[in-house]
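K.L.:
dropping a prediction and its sequence here:
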Amino acid sequence: MEEVIRIDNLSYAYPDGQRALSGISLTVQRGESLAIIGPNGAGKSTLLLHLNGILRSGGRVKVFSEPVTEKNLKDVRRRIGLVFQNPDDQLFSATVFDDVAFGPMNLGYSEAEVRQSVSCALAKVGMTGFEHRSSHHLSLGERKRIAIATILSMSPEVMVLDEPTSNLDPQGKWLLIELLRKLPVTRLIATHDLELVAALCHRVVILDGGRIVADDMAEIILNDKSLLEAHGLSRPAGLKSALESVIPVRD
């Protein structure tokens, strides 16, 4: 399989000296659906921000065999689409159309190509007809869909999502899971939502204290209650039913 992301011994500290990542090494193959789980403050979001150059890695992160640099940043951000936890961090234009068109316009698409890209992206997230609405007048679930569309409009090969189901009601959560399930892209998902992990991800990495403490198939990690609890995670009561359609569950 083609390697789409390689991270070699990545460490990172914030300007105040607080260390967020220590010695992270990780590879992601094309077509994988990988969950990154761990307690608050584990470094999950910090790791994701290195994947498209928002935070710099000193050459320790490679995408499609090339280090992320200022020179190739535009191409990296087209191929590696990052969806923030809060959609309001991603949506800033007057209309949905303008938000979704922003990326293609910056990539130099023609007017016709921009309109086609916006139309296709909105159709994929079930938001056709919302082009002239204001994103900030939509529900949280709708804003999350529009945020995903802003990435899909650039036809990414990898989607990186930070807590995509946070603060959604159960119906909105499962609608979003079904949407993500249908997208034919490599996925990296940082999340606390183990039901989402069971439904979408084949491989799970546990990050704690800025270090990778486990990396294995989802069926192994999600069945290991003591491992989850040791790193601030617990399997919710509803997870068993979510897992049964995906992996065998052992209590």
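P.N.:
Alright, I've got the coordinates. Note that this is a predicted model, so its numbers are computed, not measured. Residues are numbered from 1 along each chain as shown.
K.L.:
residues touching stretch 97-104, excluding its own?
P.N.:
78, 90-93, 113-115, 117-118, 121-122, 131-132, 135, 146, 149-151, 153-154 (Cβ atoms under 8 Å, 6 or more residues apart in numbering). For the C-beta atoms, the positions are set from N, CA and C on the backbone; glycine is no exception.
K.L.:
next one: phi and psi at the residue most central in space within the chain?
P.N.:
Most central in the chain under Cα atoms, centre = their mean is residue 161, positioned 1.5 Å from the mean C-alpha point. For residue 161, the backbone dihedrals (degrees, to the nearest 10) come out as phi -120, psi 130.
K.L.:
also residue 204?
P.N.:
When read as degrees, to the nearest 10, the backbone of residue 204 gives phi -130, psi 130.
K.L.:
which non-adjacent residue is nearest it?
P.N.:
Using Cβ to Cβ, 6 or more residues apart in numbering and skipping residues adjacent in sequence, the residue nearest residue 204 is residue 221, 4.3 Å away.
K.L.:
what does residue 40 give?
P.N.:
Closest to residue 40 by Cβ to Cβ, 6+ apart is residue 232, at 7.7 Å.
K.L.:
same question for residue 203.
P.N.:
Of all residues not flanking residue 203 in the chain, residue 34 sits nearest, at 4.9 Å (Cβ to Cβ, 6+ apart).
K.L.:
give the contact list for residue 206.
P.N.:
Counting by Cβ under 8 Å, 6+ apart, residue 206 has contacts 37, 38, 212, 213, 214, 215, 221, 227, 228, 231, 233.
K.L.:
run the last query once more with 7 Å
P.N.:
Listed by Cβ atoms under 7 Å, 6 or more residues apart in numbering, the contact partners of residue 206 are 37, 38, 213, 214, 221, 231.
K.L.:
which of those count as buried?
P.N.:
Listed as buried from the contacts of residue 206 are 37, 38, 214, 221, 231; burial here means 16 or more other Cβ atoms under 10 Å.
K.L.:
so the fourth one makes contact with residue 203?
P.N.:
Spelled out, that is residue 221. No. With contact defined as Cβ atoms under 7 Å, residue 221 does not reach residue 203; the gap is 8.7 Å.
K.L.:
what is the burial count for residue 195?
P.N.:
When neighbours are counted by other Cβ atoms under 10 Å, residue 195 registers 22.
K.L.:
and the pLDDT at the residue lying closest to residue 142 once chain neighbours are set aside?
P.N.:
Leaving aside its chain neighbours, residue 142 sits nearest to residue 127 (6.9 Å; criterion: Cβ to Cβ, 6+ apart). Residue 127 carries a pLDDT value of 94.
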